[in-house]
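> below is the sequence, then the predicted model.
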Amino acid sequence: MAKKKFTIEDLGRMIKKGFDGVDKSFDSVEQTLKNHAVMLINHGEILKDHTKRLERIEKKLEGIVYRKEFEELETRVKLIEEALTIKKIK
């Protein structure tokens, strides 16, 4: 098989073609990174909003007695009433 001779111009075109493909790949990666950056910013804003909402809920719950605590206190009062023979007030 005969060897094909390449000129400098041929070699230059081949190299350019290869770099053009790399440029397209980098453009695609760059766009993907930009999209992800926008998504992260949006998620950050959503997280800030959720944090504020959670803080408002926690503030509303301050001082609320939980069911288990209430039931324990109810049992203790009942025992005290029985020990002192106090009639239960309804």
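Received, thanks.
> for the rest of this, base every contact and every neighbour count on C-alpha atoms.
OK.
> where does the prediction get shaky in the chain?
Applying pLDDT under 70 to the chain picks out residues 1-2, 90.
> just the helices in it please.
8-61, 67-83 (DSSP state H).
> export those as JSON lines, with columns for mean neighbour count and distance to residue 89.
Listed next are the helices of the chain as JSON lines, based on neighbours: other C-alpha atoms under 10 Å; distance: least, C-alpha to C-alpha, whole Å:
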{"stretch": "helix 8-61", "mean neighbour count": "12", "distance to residue 89": "28"}
{"stretch": "helix 67-83", "mean neighbour count": "12", "distance to residue 89": "10"}
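> spit out the contact partners of residue 48.
Not one residue lies near residue 48 by C-alpha atoms under 8 Å, 6 or more residues apart in numbering.
> how much space separates residue 14 from residue 64?
Residue 14 sits at a distance of 75 Å from residue 64 (criterion: C-alpha to C-alpha, to the nearest Å).
> now residue 36
Distance from residue 36 to residue 64, counting by C-alpha to C-alpha: 42 Å.
> one more: residue 49?
Look at residue 49 and residue 64: by C-alpha to C-alpha, they are 24 Å apart.
> equivalent analysis for residue 58, please.
Distance from residue 58 to residue 64, by C-alpha to C-alpha: 10 Å.
> cool, and residue 5?
Distance, residue 5 to residue 64, by C-alpha to C-alpha: 88 Å.
> and residue 17, by the same measure?
Relative to residue 64, residue 17 is positioned 71 Å away (C-alpha to C-alpha).
> repeat that for residue 87.
27 Å.
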